[in-house]
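mind looking at a prediction? Sequence and model below.
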Amino acid sequence: MSNRARPELRRTLEGWLARARTKDRYEFYDLTAAKARLMRRRDLRRRFVCAVHGGDTAETTPVVTDPPTWTTPGRPSAADDVGRAGLDLRAVSLLLLLSPHADSDMAAFIDRHFAHRAGARTFACLLHLSGHADGARFWWQFAAGAGDDAAEYCLF
């Protein structure tokens with residue numbers, strides 16, 4: 001007799017859902033502390049972007065303690081998101097170019113005949129900041145394909 005013929009052997013929906021549940025691996029995780037860390041990072045990033053782009057100085061930049069709650073009328077437009085993404089990409093590119101390893105990465109990139117992933121990422125950041133978006137995208141794709149996480153982030 002097959003399982004289809006015997007209803008007691010068939011699994012119920014509740015049984016399948018019970019099997020699919022995972023244990024709470026984060027039961028001791030402090031969600032409030034994690035939120036506070038993310039807010040501090042966001043504030044630091046805002047201050048850095050303002051300092052880089054000549055806007056408000058770090059001292060006059062307001063620090064927001066609560067995350068914004070968006071309602072439908074006040075929701076930012078897609079153009080705002082694109083503008084913010086451009087500023088973030090510029091800030092990341094600057095950070096990567098100002099890193100202590102940028103010089104050695106570029107030297108390795110040139111010495112290895114353009115086959116060094118960190119050097120390709122650094123070169124892409126340089127191209128991006130100088131206004132050559134297509135060339136930057138190519139070298140970020142090259143570095144991301146070789147496994148460079150920062151290049152993947154720049155493409156994102």
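That came through, no problem. Numbering: from 1, shown residues only.

burial count for Arg40?
11 (other Cβ atoms under 10 Å). (Glycine included, C-beta is placed from N, CA and C.)

what pLDDT does it get?
Looking at Arg40, its pLDDT stands at 86.

tell me which element Asp88 is part of?
Following DSSP states H and E, one finds Asp88 within helix 78-97.

helices and strands around that helix, which ones?
Here helix 78-97 touches helix 31-52, helix 117-129, helix 149-155, going by 3 or more Cβ pairs under 8 Å, 6 or more residues apart in numbering; DSSP states H and E.

mind doing that once more with 10 Å?
Contacts defined by 3 or more Cβ pairs under 10 Å, 6 or more residues apart in numbering; DSSP states H and E place helix 78-97 against helix 31-52, helix 102-111, helix 117-129, helix 133-145, helix 149-155.

now render those as TSV, adding distance to Leu95.
Shown next, in TSV, are the helices and strands packed on helix 78-97 (distance: least, Cβ to Cβ, whole Å):
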stretch	distance to Leu95
helix 31-52	8
helix 102-111	10
helix 117-129	9
helix 133-145	15
helix 149-155	9
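
deepest of the ones you listed, which one?
helix 117-129 (a mean of 24; mean count of other Cβ atoms under 10 Å).

that one versus helix 78-97: what angle between them?
Angle, helix 117-129 to helix 78-97, by axes from the mean of the first three to the mean of the last three Cα atoms, to 10 degrees: 130 degrees.
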